[in-house]
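[1] give the three-dimensional model of this entry:
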Amino acid sequence: MVDRFARDWRSAGLDDPTNALLVFAERLTDDCASVAPEDIEELRSHGFDDQGISSCVQVVAYFNYINRIAEGLGVPMEDWIEDDGRIASWHE
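    Okay, here's the model as predicted:
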């Protein structure tokens with residue numbers, strides 16, 4: 001499942017609540033201005049409460065923030081991390 005997730009989370013066979021959360025996280029990352037109250041209601045319809053939604057937003061925002069700092073300062077990617085985010089086999 002981890003390999004399927006790393007390749008394409010949409011076809012990894014995840015449950016509906018997890019898929020809804022990932023769709024929201026992706027939208028928050030790619031087009032945050034388009035996030036609307038309906039998106040929050042969609043998460044609630046999958047069982048997420050305000051604390052869970054807030055945690056998701058904070059984690060996504062933090063990773064976006066730290067990645068932009070690294071990119072803005074020209075910090076090189078670690079050579080032991082593959083393009084898909086997995087640890088390089090030679091590093092294990």
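[2] from here on, contacts and neighbour counts on C-alpha atoms
    Noted.
[3] how far off centre is the lengthiest helix in the chain?
    What stands out as the longest helix in the chain, according to DSSP state H, is helix 50-72. Centroid separation between helix 50-72 and its chain, computed with CA atoms, centre = their mean, to the nearest Å, is 9 Å.
[4] can you give me the helices for the chain?
    Under DSSP H, the chain gives helices at 2-7, 16-30, 37-45, 50-72.
[5] the longest helix of the chain vs helix 37-45, what angle?
    120 degrees (axes from the mean of the first three to the mean of the last three CA atoms, to 10 degrees).
[6] packing partners of helix 50-72?
    helix 16-30 (3 or more CA pairs under 8 Å, 6 or more residues apart in numbering; DSSP states H and E).
[7] now the helix it packs on: buried residues?
    Within helix 16-30, the residues scored as buried using 16 or more other CA atoms under 10 Å are 17, 19-21, 23-25, 28-29.
[8] and the residue nearest in space to the middle of the chain, what does it touch?
    For the chain, residue 25 is the residue whose C-alpha lies nearest the centre (CA atoms, centre = their mean; 5.0 Å). Taking CA atoms under 8 Å, 6 or more residues apart in numbering, we find residue 25 in contact with 56-57, 60.
[9] can we see that at 10 Å?
    Residues in contact with residue 25 (CA atoms under 10 Å, 6 or more residues apart in numbering) are 19, 31-32, 35, 56-57, 59-61.
[10] what pLDDT does the model give it?
    Predicted confidence (pLDDT) for residue 25: 97.
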